[in-house]
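Student: coordinates only, sequence not included:
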């Protein structure tokens, strides 16, 4: 798909290209974060990715994120300037991957881990 996109970019408007790329990346993120247990999760993460000022809290519960999704979530949270509270409970994810991105965040005031496996956090050193 990206190969086709690159070929069509040569003769098009840069603003349209930027919007197409943003849309393509949003589609990838929507698929990465889609959850049958929480259909709103992916859309909420996209709002956080776009720095929506109305999204000030992210609560993840009773779900799973693989290593790639965990690192991507950390990156997105690291860039966000409106999320003040991050609550994770009974959630299976790569804590080190999330925290690596969180190191860049200066706005989150509250991080709460409940029922989260912290054994891999030695990677944070």
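Tutor: That came in fine, so what should we check first? All of these numbers come straight from a predicted model, not from anything done at the bench. Numbers count the residues shown, from 1 in each chain.
Student: contacts and neighbour counts: CA atoms only from here.
Tutor: Fine.
Student: show me what contacts the residue most central in space within the chain?
Tutor: Centroid-nearest residue in the chain: residue 73, 2.8 Å away (criterion: CA atoms, centre = their mean). Contacts were defined as CA atoms under 8 Å, 6 or more residues apart in numbering; by that measure residue 73 touches 45, 98, 101.
Student: which single one of those is nearest to residue 116?
Tutor: Nearest to residue 116 out of the contacts of residue 73 is residue 98 (CA to CA; 12.3 Å).
Student: which strands or helices does the helix or strand hosting residue 26 pack on?
Tutor: Using DSSP states H and E, residue 26 maps to helix 14-33. With contacts taken as 3 or more CA pairs under 8 Å, 6 or more residues apart in numbering; DSSP states H and E, helix 14-33 sits against helix 41-49.
Student: name the residues of the helix it packs on that are buried.
Tutor: Neighbour-count burial for helix 41-49, counted by 16 or more other CA atoms under 10 Å, picks out 41, 42, 44, 45, 46, 48, 49.
Student: can you add distance to residue 78 and pLDDT and give the residues you listed back as a markdown table?
Tutor: Shown next, in a markdown table, are those (distance: CA to CA, whole Å; pLDDT from 0 to 100):
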| residue | distance to residue 78 | pLDDT |
| --- | --- | --- |
| 41 | 18 | 93 |
| 42 | 17 | 95 |
| 44 | 15 | 96 |
| 45 | 12 | 97 |
| 46 | 14 | 97 |
| 48 | 10 | 98 |
| 49 | 10 | 97 |
